[in-house]
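Trainee: the following comprises the amino acid sequence and a computationally predicted model.
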Amino acid sequence: MTHFLRCFSAIFYKDLLSELRQKEILNTVLFFGLLIIFIYSFALGTDPNLLKKMAPGLLWLVVLFSSILALDRSFQSELEEGCLDHLVLYAASPRALFLGKVVTNFFTILIIQITSAFAMMILFDLPFPDNFWLLAVTFLLGNLGLATLGTFYAALTIKTKARQAMLPLLLFPMLIPLLLASVYATQMALEGTLTEGSSAWLTLLGIYNLVFLTACTLAIEPLLEA
Amino acid sequence: MIIELKNVGHRFGKRWALSNLSFQVNAGEVVAILGPNGCGKTTLLKILATRLSPSRGEGVVLGKSLIKEVSKIREEVQWLGHELGLYKALTAEENLKFFANMTGEKIGEGQIEEALEKVGLRNNRHQRVGQFSTGMKKRLSVARILIKNPKILLFDEPHTNLDQEGKKRMSELILEKKKAGCTILFSSHDHPETIPLCDKILALNEGTLRFFGPPNQIRRDVIL
(Lines give C-alpha, C1' and ligand atoms only; values in the text may rest on other atoms or scores of the structure.)
Protein backbone atom coordinates (compact mmCIF):
# COMPACT_ATOMS: atom_id res chain seq x y z
CA MET A 1 0.00 0.00 0.00
CA THR A 2 1.34 3.45 -0.81
CA HIS A 3 2.18 5.98 1.88
CA PHE A 4 -0.78 8.10 0.81
CA LEU A 5 -3.25 5.25 1.26
CA ARG A 6 -1.71 4.23 4.59
CA CYS A 7 -2.08 7.81 5.91
CA PHE A 8 -5.60 8.08 4.53
CA SER A 9 -6.83 4.82 6.03
CA ALA A 10 -5.02 5.46 9.35
CA ILE A 11 -6.79 8.82 9.76
CA PHE A 12 -10.18 7.37 8.83
CA TYR A 13 -9.77 4.37 11.15
CA LYS A 14 -8.51 6.55 14.01
CA ASP A 15 -11.44 8.98 13.74
CA LEU A 16 -13.95 6.14 13.43
CA LEU A 17 -12.52 4.30 16.45
CA SER A 18 -12.42 7.50 18.53
CA GLU A 19 -16.06 8.27 17.71
CA LEU A 20 -17.24 4.72 18.39
CA ARG A 21 -15.55 4.82 21.79
CA GLN A 22 -16.31 8.38 22.88
CA LYS A 23 -19.57 9.05 20.98
CA GLU A 24 -18.82 12.76 21.29
CA ILE A 25 -20.21 13.79 17.91
CA LEU A 26 -23.07 11.49 16.92
CA ASN A 27 -24.96 11.58 20.22
CA THR A 28 -25.00 15.38 20.32
CA VAL A 29 -25.59 15.95 16.64
CA LEU A 30 -28.38 13.40 16.22
CA PHE A 31 -30.22 14.69 19.27
CA PHE A 32 -29.84 18.28 17.99
CA GLY A 33 -31.16 17.32 14.54
CA LEU A 34 -34.15 15.41 15.91
CA LEU A 35 -34.95 18.32 18.23
CA ILE A 36 -35.08 20.78 15.30
CA ILE A 37 -37.40 18.46 13.33
CA PHE A 38 -39.61 18.10 16.39
CA ILE A 39 -39.82 21.89 16.76
CA TYR A 40 -40.56 22.31 13.03
CA SER A 41 -43.41 19.78 13.28
CA PHE A 42 -45.05 21.92 15.97
CA ALA A 43 -44.35 25.25 14.29
CA LEU A 44 -45.70 24.32 10.83
CA GLY A 45 -49.01 22.79 11.84
CA THR A 46 -50.62 19.71 10.27
CA ASP A 47 -51.40 20.74 6.66
CA PRO A 48 -49.98 17.72 4.71
CA ASN A 49 -49.52 19.67 1.46
CA LEU A 50 -47.54 22.40 3.20
CA LEU A 51 -45.38 19.85 5.04
CA LYS A 52 -44.65 17.93 1.84
CA LYS A 53 -43.78 21.15 0.03
CA MET A 54 -41.45 22.35 2.77
CA ALA A 55 -39.89 18.99 3.67
CA PRO A 56 -36.89 19.07 1.25
CA GLY A 57 -35.77 22.54 2.35
CA LEU A 58 -36.26 21.75 6.03
CA LEU A 59 -34.41 18.45 5.69
CA TRP A 60 -31.35 20.08 4.16
CA LEU A 61 -31.38 22.87 6.76
CA VAL A 62 -31.49 20.31 9.58
CA VAL A 63 -28.60 18.42 7.96
CA LEU A 64 -26.66 21.66 7.49
CA PHE A 65 -27.10 22.93 11.06
CA SER A 66 -26.41 19.52 12.62
CA SER A 67 -23.37 18.93 10.42
CA ILE A 68 -21.76 22.17 11.53
CA LEU A 69 -21.36 20.72 15.02
CA ALA A 70 -19.70 17.58 13.63
CA LEU A 71 -17.50 19.48 11.17
CA ASP A 72 -16.29 21.87 13.86
CA ARG A 73 -15.31 18.92 16.05
CA SER A 74 -13.43 17.08 13.30
CA PHE A 75 -10.28 19.23 13.53
CA GLN A 76 -10.81 20.30 17.14
CA SER A 77 -9.76 16.80 18.25
CA GLU A 78 -6.45 17.28 16.41
CA LEU A 79 -5.67 20.43 18.38
CA GLU A 80 -5.93 18.64 21.73
CA GLU A 81 -2.46 17.76 23.05
CA GLY A 82 -0.88 19.23 19.88
CA CYS A 83 -1.78 16.23 17.69
CA LEU A 84 -1.97 18.35 14.53
CA ASP A 85 1.63 19.54 14.99
CA HIS A 86 2.79 15.95 15.35
CA LEU A 87 0.83 14.86 12.29
CA VAL A 88 2.43 17.61 10.20
CA LEU A 89 5.91 16.80 11.52
CA TYR A 90 5.48 13.07 11.03
CA ALA A 91 5.75 13.75 7.33
CA ALA A 92 2.11 12.76 7.04
CA SER A 93 0.62 13.62 3.68
CA PRO A 94 -1.62 16.67 4.32
CA ARG A 95 -3.85 15.63 1.42
CA ALA A 96 -4.32 12.14 2.83
CA LEU A 97 -5.09 13.70 6.20
CA PHE A 98 -7.68 15.99 4.61
CA LEU A 99 -9.33 13.27 2.51
CA GLY A 100 -9.42 10.91 5.51
CA LYS A 101 -11.30 13.60 7.44
CA VAL A 102 -13.62 14.24 4.46
CA VAL A 103 -14.59 10.55 4.35
CA THR A 104 -15.18 10.45 8.12
CA ASN A 105 -17.38 13.55 7.88
CA PHE A 106 -19.15 12.11 4.83
CA PHE A 107 -20.28 9.08 6.83
CA THR A 108 -21.20 11.20 9.85
CA ILE A 109 -23.38 13.46 7.68
CA LEU A 110 -24.88 10.40 5.97
CA ILE A 111 -26.02 9.08 9.35
CA ILE A 112 -27.50 12.51 10.15
CA GLN A 113 -29.26 12.59 6.76
CA ILE A 114 -30.80 9.15 7.02
CA THR A 115 -31.92 9.63 10.63
CA SER A 116 -33.38 13.07 9.87
CA ALA A 117 -35.18 11.80 6.75
CA PHE A 118 -36.82 8.95 8.69
CA ALA A 119 -37.77 11.28 11.54
CA MET A 120 -39.36 13.70 9.07
CA MET A 121 -41.26 10.91 7.32
CA ILE A 122 -42.79 9.92 10.64
CA LEU A 123 -43.43 13.37 12.15
CA PHE A 124 -44.55 15.05 8.89
CA ASP A 125 -46.46 11.96 7.75
CA LEU A 126 -44.59 11.91 4.43
CA PRO A 127 -44.95 9.00 1.98
CA PHE A 128 -41.96 6.92 0.87
CA PRO A 129 -40.20 8.89 -1.90
CA ASP A 130 -41.56 8.13 -5.38
CA ASN A 131 -38.08 8.17 -6.89
CA PHE A 132 -35.84 6.59 -4.26
CA TRP A 133 -32.71 6.40 -6.44
CA LEU A 134 -32.85 10.09 -7.32
CA LEU A 135 -33.10 10.84 -3.59
CA ALA A 136 -30.17 8.52 -2.82
CA VAL A 137 -27.92 10.11 -5.48
CA THR A 138 -28.92 13.61 -4.31
CA PHE A 139 -28.08 12.68 -0.71
CA LEU A 140 -24.68 11.28 -1.67
CA LEU A 141 -23.69 14.20 -3.93
CA GLY A 142 -24.98 16.89 -1.58
CA ASN A 143 -23.33 15.14 1.35
CA LEU A 144 -19.96 14.93 -0.43
CA GLY A 145 -19.97 18.68 -1.17
CA LEU A 146 -20.93 19.51 2.39
CA ALA A 147 -18.25 17.20 3.82
CA THR A 148 -15.56 18.56 1.46
CA LEU A 149 -16.12 22.27 2.02
CA GLY A 150 -17.04 21.78 5.68
CA THR A 151 -13.81 19.90 6.40
CA PHE A 152 -11.76 22.51 4.54
CA TYR A 153 -13.31 25.44 6.39
CA ALA A 154 -13.01 23.57 9.70
CA ALA A 155 -9.25 23.37 9.04
CA LEU A 156 -9.20 27.04 8.01
CA THR A 157 -10.90 28.27 11.17
CA ILE A 158 -9.32 25.86 13.64
CA LYS A 159 -6.83 28.36 15.05
CA THR A 160 -9.08 31.45 14.92
CA LYS A 161 -10.38 32.92 18.15
CA ALA A 162 -14.11 32.88 17.34
CA ARG A 163 -13.90 29.50 15.63
CA GLN A 164 -17.49 28.37 16.27
CA ALA A 165 -18.90 31.60 14.81
CA MET A 166 -16.40 31.83 11.95
CA LEU A 167 -17.06 28.36 10.55
CA PRO A 168 -20.76 28.91 9.63
CA LEU A 169 -20.07 32.53 8.61
CA LEU A 170 -17.52 31.42 6.02
CA LEU A 171 -19.08 28.10 5.06
CA PHE A 172 -22.77 28.91 4.58
CA PRO A 173 -22.39 31.42 1.70
CA MET A 174 -20.20 28.92 -0.17
CA LEU A 175 -22.85 26.21 0.24
CA ILE A 176 -25.74 28.17 -1.32
CA PRO A 177 -25.42 26.58 -4.82
CA LEU A 178 -25.10 23.13 -3.25
CA LEU A 179 -28.10 23.71 -1.00
CA LEU A 180 -30.21 25.03 -3.87
CA ALA A 181 -29.44 22.07 -6.12
CA SER A 182 -29.91 19.54 -3.31
CA VAL A 183 -33.26 20.96 -2.22
CA TYR A 184 -34.71 21.03 -5.75
CA ALA A 185 -33.41 17.54 -6.58
CA THR A 186 -34.84 16.21 -3.29
CA GLN A 187 -38.20 17.86 -4.12
CA MET A 188 -38.25 16.10 -7.50
CA ALA A 189 -37.33 12.78 -5.88
CA LEU A 190 -40.20 13.10 -3.40
CA GLU A 191 -42.63 13.94 -6.20
CA GLY A 192 -41.26 11.19 -8.42
CA THR A 193 -40.50 13.52 -11.34
CA LEU A 194 -37.47 12.50 -13.33
CA THR A 195 -37.19 15.38 -15.75
CA GLU A 196 -34.40 17.33 -17.41
CA GLY A 197 -34.60 19.63 -14.41
CA SER A 198 -33.54 16.91 -11.97
CA SER A 199 -30.60 15.82 -14.13
CA ALA A 200 -29.51 19.48 -14.41
CA TRP A 201 -29.47 19.79 -10.61
CA LEU A 202 -27.50 16.56 -10.29
CA THR A 203 -25.03 17.77 -12.93
CA LEU A 204 -24.60 20.99 -10.95
CA LEU A 205 -23.93 18.96 -7.80
CA GLY A 206 -21.40 16.81 -9.65
CA ILE A 207 -19.50 19.80 -11.05
CA TYR A 208 -19.61 21.56 -7.67
CA ASN A 209 -18.08 18.51 -5.98
CA LEU A 210 -15.42 18.06 -8.64
CA VAL A 211 -14.33 21.71 -8.48
CA PHE A 212 -14.24 22.00 -4.70
CA LEU A 213 -12.79 18.56 -3.98
CA THR A 214 -9.91 19.38 -6.33
CA ALA A 215 -9.41 22.95 -5.09
CA CYS A 216 -9.60 22.05 -1.39
CA THR A 217 -7.24 19.07 -1.77
CA LEU A 218 -4.69 21.29 -3.53
CA ALA A 219 -5.02 24.13 -1.00
CA ILE A 220 -4.92 22.09 2.21
CA GLU A 221 -1.13 21.75 2.49
CA PRO A 222 -0.24 25.44 3.12
CA LEU A 223 -3.29 25.70 5.35
CA LEU A 224 -2.16 22.94 7.70
CA GLU A 225 1.42 24.21 7.72
CA ALA A 226 0.35 27.70 8.84
CA MET B 1 28.49 18.93 10.65
CA ILE B 2 24.83 17.98 10.94
CA ILE B 3 23.21 21.29 11.92
CA GLU B 4 24.34 24.76 10.90
CA LEU B 5 22.48 27.99 11.58
CA LYS B 6 23.61 31.38 10.24
CA ASN B 7 22.12 34.58 11.68
CA VAL B 8 18.77 32.90 12.26
CA GLY B 9 16.03 35.02 13.78
CA HIS B 10 12.35 34.53 14.40
CA ARG B 11 9.72 37.03 15.36
CA PHE B 12 6.17 36.79 16.63
CA GLY B 13 4.48 39.99 15.50
CA LYS B 14 6.89 42.79 16.35
CA ARG B 15 8.79 40.87 19.04
CA TRP B 16 11.95 39.02 18.07
CA ALA B 17 11.95 35.71 19.97
CA LEU B 18 15.34 34.81 18.49
CA SER B 19 17.86 37.08 16.84
CA ASN B 20 21.11 36.48 14.92
CA LEU B 21 21.64 32.97 16.14
CA SER B 22 24.63 31.17 14.60
CA PHE B 23 26.06 27.82 15.67
CA GLN B 24 27.06 24.40 14.37
CA VAL B 25 26.40 20.95 15.78
CA ASN B 26 28.39 17.86 14.79
CA ALA B 27 26.89 14.42 14.26
CA GLY B 28 26.41 12.43 17.44
CA GLU B 29 26.67 15.41 19.79
CA VAL B 30 24.27 16.07 22.64
CA VAL B 31 23.49 19.76 23.09
CA ALA B 32 21.57 21.16 26.05
CA ILE B 33 19.75 24.42 25.41
CA LEU B 34 19.57 26.40 28.63
CA GLY B 35 18.12 29.76 29.56
CA PRO B 36 15.31 31.45 31.48
CA ASN B 37 11.62 31.23 30.52
CA GLY B 38 10.84 33.06 27.29
CA CYS B 39 14.44 33.16 26.09
CA GLY B 40 13.64 31.33 22.84
CA LYS B 41 14.50 27.68 23.65
CA THR B 42 11.23 26.24 22.32
CA THR B 43 11.27 28.57 19.30
CA LEU B 44 14.76 27.36 18.39
CA LEU B 45 13.73 23.71 18.70
CA LYS B 46 10.61 24.34 16.61
CA ILE B 47 12.72 25.94 13.89
CA LEU B 48 15.04 22.93 13.84
CA ALA B 49 11.98 20.63 13.75
CA THR B 50 10.70 22.68 10.74
CA ARG B 51 7.47 23.54 12.58
CA LEU B 52 8.46 27.22 12.43
CA SER B 53 10.22 28.88 9.53
CA PRO B 54 13.01 31.37 10.35
CA SER B 55 11.98 35.00 9.81
CA ARG B 56 15.54 35.72 8.72
CA GLY B 57 18.87 33.97 8.29
CA GLU B 58 19.42 30.50 6.94
CA GLY B 59 19.89 27.03 8.30
CA VAL B 60 20.95 23.62 7.11
CA VAL B 61 19.98 20.35 8.78
CA LEU B 62 21.46 17.10 7.48
CA GLY B 63 22.65 19.03 4.44
CA LYS B 64 19.13 20.22 3.62
CA SER B 65 17.76 23.74 3.74
CA LEU B 66 15.47 24.52 6.67
CA ILE B 67 13.33 26.62 4.36
CA LYS B 68 13.28 24.76 1.05
CA GLU B 69 13.63 21.08 1.97
CA VAL B 70 11.30 20.80 4.92
CA SER B 71 9.75 17.41 4.08
CA LYS B 72 13.15 15.75 3.65
CA ILE B 73 14.31 17.02 7.03
CA ARG B 74 11.13 15.77 8.69
CA GLU B 75 11.86 12.22 7.60
CA GLU B 76 15.02 12.19 9.75
CA VAL B 77 14.13 14.44 12.68
CA GLN B 78 11.89 13.74 15.66
CA TRP B 79 10.40 16.36 17.94
CA LEU B 80 8.99 15.92 21.41
CA GLY B 81 7.45 19.10 22.76
CA HIS B 82 5.31 20.01 25.76
CA GLU B 83 2.23 18.87 23.89
CA LEU B 84 2.68 15.17 23.42
CA GLY B 85 0.37 14.61 20.46
CA LEU B 86 -1.37 11.46 21.67
CA TYR B 87 -4.97 10.43 21.10
CA LYS B 88 -6.78 9.80 24.38
CA ALA B 89 -9.42 7.51 22.86
CA LEU B 90 -6.80 5.12 21.49
CA THR B 91 -4.75 2.63 23.48
CA ALA B 92 -0.98 2.92 23.85
CA GLU B 93 -0.47 0.30 21.14
CA GLU B 94 -2.99 1.91 18.77
CA ASN B 95 -1.27 5.29 19.15
CA LEU B 96 2.10 3.77 18.22
CA LYS B 97 0.61 1.94 15.23
CA PHE B 98 -1.22 5.07 14.06
CA PHE B 99 1.92 7.23 13.97
CA ALA B 100 3.92 4.43 12.34
CA ASN B 101 1.29 4.32 9.59
CA MET B 102 1.52 8.09 9.19
CA THR B 103 5.25 7.84 8.49
CA GLY B 104 4.67 4.94 6.14
CA GLU B 105 6.65 2.49 8.27
CA LYS B 106 5.63 -1.08 8.88
CA ILE B 107 6.10 -2.07 12.49
CA GLY B 108 5.77 -5.49 14.01
CA GLU B 109 4.34 -6.55 17.35
CA GLY B 110 7.89 -7.14 18.58
CA GLN B 111 8.93 -3.54 17.93
CA ILE B 112 5.92 -2.20 19.80
CA GLU B 113 6.53 -4.51 22.73
CA GLU B 114 10.23 -3.60 22.85
CA ALA B 115 9.52 0.16 22.74
CA LEU B 116 6.88 -0.09 25.47
CA GLU B 117 9.17 -2.27 27.56
CA LYS B 118 11.93 0.33 27.38
CA VAL B 119 9.67 3.07 28.73
CA GLY B 120 8.07 0.82 31.35
CA LEU B 121 4.61 0.69 29.78
CA ARG B 122 4.47 -2.93 28.62
CA ASN B 123 1.64 -3.76 31.02
CA ASN B 124 -0.35 -0.71 29.86
CA ARG B 125 -0.24 -1.68 26.19
CA HIS B 126 -4.01 -2.11 25.86
CA GLN B 127 -4.96 0.77 28.17
CA ARG B 128 -6.47 3.92 26.67
CA VAL B 129 -4.21 6.98 26.81
CA GLY B 130 -7.06 9.01 28.35
CA GLN B 131 -6.52 6.97 31.52
CA PHE B 132 -2.76 7.68 31.60
CA SER B 133 -1.05 10.11 33.98
CA THR B 134 1.01 12.96 32.45
CA GLY B 135 4.23 11.05 33.14
CA MET B 136 2.91 7.91 31.45
CA LYS B 137 1.86 9.94 28.40
CA LYS B 138 5.35 11.39 28.20
CA ARG B 139 6.88 7.93 28.36
CA LEU B 140 4.53 6.74 25.59
CA SER B 141 5.57 9.63 23.37
CA VAL B 142 9.19 8.57 23.97
CA ALA B 143 8.24 5.03 22.87
CA ARG B 144 6.92 6.56 19.64
CA ILE B 145 10.35 8.09 19.05
CA LEU B 146 12.11 4.77 19.75
CA ILE B 147 10.13 3.12 16.97
CA LYS B 148 11.05 5.72 14.34
CA ASN B 149 14.80 5.72 15.06
CA PRO B 150 15.61 9.22 13.76
CA LYS B 151 19.01 10.82 13.04
CA ILE B 152 18.24 13.93 15.09
CA LEU B 153 16.19 14.11 18.28
CA LEU B 154 14.73 17.36 19.57
CA PHE B 155 13.34 17.35 23.12
CA ASP B 156 11.64 20.28 24.79
CA GLU B 157 12.31 19.80 28.52
CA PRO B 158 12.49 15.99 28.47
CA HIS B 159 12.69 15.57 32.25
CA THR B 160 9.63 17.68 33.05
CA ASN B 161 6.57 15.84 34.47
CA LEU B 162 8.54 12.67 35.10
CA ASP B 163 9.12 11.00 38.47
CA GLN B 164 12.66 10.05 39.58
CA GLU B 165 12.44 6.67 37.85
CA GLY B 166 11.14 8.35 34.69
CA LYS B 167 13.93 10.96 34.76
CA LYS B 168 16.50 8.21 35.13
CA ARG B 169 15.02 6.29 32.18
CA MET B 170 14.96 9.48 30.09
CA SER B 171 18.64 10.21 30.83
CA GLU B 172 19.52 6.59 29.98
CA LEU B 173 17.57 6.90 26.72
CA ILE B 174 19.47 10.06 25.75
CA LEU B 175 22.81 8.36 26.42
CA GLU B 176 21.71 5.21 24.59
CA LYS B 177 20.63 7.22 21.54
CA LYS B 178 23.91 9.14 21.66
CA LYS B 179 25.83 5.85 21.62
CA ALA B 180 23.78 4.80 18.59
CA GLY B 181 25.02 7.92 16.77
CA CYS B 182 21.93 10.07 17.14
CA THR B 183 22.35 13.83 17.46
CA ILE B 184 20.27 15.22 20.31
CA LEU B 185 19.28 18.78 21.22
CA PHE B 186 17.15 19.35 24.27
CA SER B 187 16.04 22.30 26.32
CA SER B 188 16.06 22.13 30.09
CA HIS B 189 15.69 23.99 33.37
CA ASP B 190 16.96 20.99 35.26
CA HIS B 191 20.71 21.70 35.29
CA PRO B 192 21.86 18.85 37.57
CA GLU B 193 20.11 16.33 35.30
CA THR B 194 21.32 18.03 32.14
CA ILE B 195 25.02 18.78 32.53
CA PRO B 196 26.26 15.16 32.76
CA LEU B 197 24.37 14.25 29.59
CA CYS B 198 25.58 16.89 27.19
CA ASP B 199 28.71 17.51 25.12
CA LYS B 200 27.87 21.17 24.63
CA ILE B 201 25.68 23.82 26.19
CA LEU B 202 23.84 26.43 24.20
CA ALA B 203 22.81 29.23 26.56
CA LEU B 204 20.19 31.75 25.44
CA ASN B 205 18.96 34.96 26.99
CA GLU B 206 16.28 37.20 25.48
CA GLY B 207 16.64 35.43 22.15
CA THR B 208 20.39 35.92 21.80
CA LEU B 209 23.21 33.42 22.13
CA ARG B 210 25.13 33.89 25.38
CA PHE B 211 27.35 30.81 25.24
CA PHE B 212 27.96 27.80 23.04
CA GLY B 213 30.59 25.26 24.02
CA PRO B 214 31.55 22.44 26.41
CA PRO B 215 29.93 22.48 29.87
CA ASN B 216 33.26 22.89 31.70
CA GLN B 217 33.90 26.21 29.97
CA ILE B 218 30.65 27.94 30.83
CA ARG B 219 30.58 30.71 33.43
CA ARG B 220 28.03 29.96 36.15
CA ASP B 221 26.30 33.35 35.83
CA VAL B 222 25.46 32.64 32.17
CA ILE B 223 22.95 29.87 32.93
CA LEU B 224 21.53 31.19 36.20
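Mentor: Ah, there it is. Numbers count the residues shown, from 1 in each chain, chains lettered A, B, ... in the order given.

Trainee: okay, now the domains of chain B?
Mentor: Domain ranges of chain B: B:3-76+B:152-223, B:88-149, per automatic domain parsing.

Trainee: how far off centre is the shortest one?
Mentor: What that stands for is domain B:88-149. Mean-position distance between domain B:88-149 and its chain equals 17 Å (Cα atoms, centre = their mean, to the nearest Å).

Trainee: lowest confidence element among the helices and strands of the chain?
Mentor: No chain in the question, so chain A it is. Lowest mean confidence among the helices and strands of chain A (mean pLDDT, DSSP states H and E): helix A:83-89, at a mean of 85.

Trainee: elements contacting it?
Mentor: In terms of contacts (3 or more Cβ pairs under 8 Å, 6 or more residues apart in numbering or on different chains; DSSP states H and E), helix A:83-89 is packed against helix A:48-79, helix A:196-225, strand B:77-80. Any C-beta I mention is one placed from the backbone N, CA and C, and that applies to glycine too.

Trainee: report whether the shortest one contacts chain A.
Mentor: This means strand B:77-80. Yes - Strand B:77-80 comes into contact with chain A (Cβ under 8 Å from any Cβ of the partner chain), by way of B:77, B:79.

Trainee: C-terminal to that strand, what's the next element?
Mentor: Sequence-wise, the next helix or strand downstream of strand B:77-80 (DSSP states H and E) is helix B:92-103.

Trainee: low-confidence stretches in the chain?
Mentor: I'll assume chain A. For chain A, residues meeting the criterion pLDDT under 70 lie at A:1, A:91-92, A:193-196.

Trainee: my question was about chain B, not that one.
Mentor: B:190, B:220-224.

Trainee: quick one, helices of it?
Mentor: Counting by DSSP state H, one finds helices in chain B at the ranges B:41-48, B:70-74, B:92-103, B:109-118, B:134-148, B:164-179, B:191-194, B:220-223.

Trainee: and the domains of chain B: which comes nearest residue A:97?
Mentor: The closest of the domains of chain B to residue A:97 is domain B:88-149. By Cβ to Cβ, the value is 8.4 Å.

Trainee: neighbours of residue A:188, how many?
Mentor: Look at residue A:188: counted by other Cβ atoms under 10 Å in any protein chain shown, it has 24 neighbours.

Trainee: does it belong to a helix, a strand or coil?
Mentor: helix (DSSP: H, G, I helix; E, B strand; the rest coil).

Trainee: hang on, it packs against residue A:198?
Mentor: Yes - counting by Cβ atoms under 8 Å, residue A:188 does reach residue A:198; the two are 4.2 Å apart.

Trainee: so residue A:95 sits right up against residue A:217, yeah?
Mentor: Yes - with contact defined as Cβ under 8 Å, residue A:95 counts as touching residue A:217 (5.3 Å).

Trainee: what residues does chain A have near chain B?
Mentor: Counting by Cβ under 8 Å from any Cβ, chain A sits next to chain B at A:3, A:6-7, A:9-10, A:14, A:17-18, A:21-22, A:77, A:80-83, A:85-92.

Trainee: re the thing from before, redo the domains of chain B as a markdown table? Include distance to residue A:103.
Mentor: Converted to a markdown table, the domains of chain B look like this (distance: least, Cβ to Cβ, whole Å):
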| stretch | distance to residue A:103 |
| --- | --- |
| domain B:3-76+B:152-223 | 24 |
| domain B:88-149 | 16 |
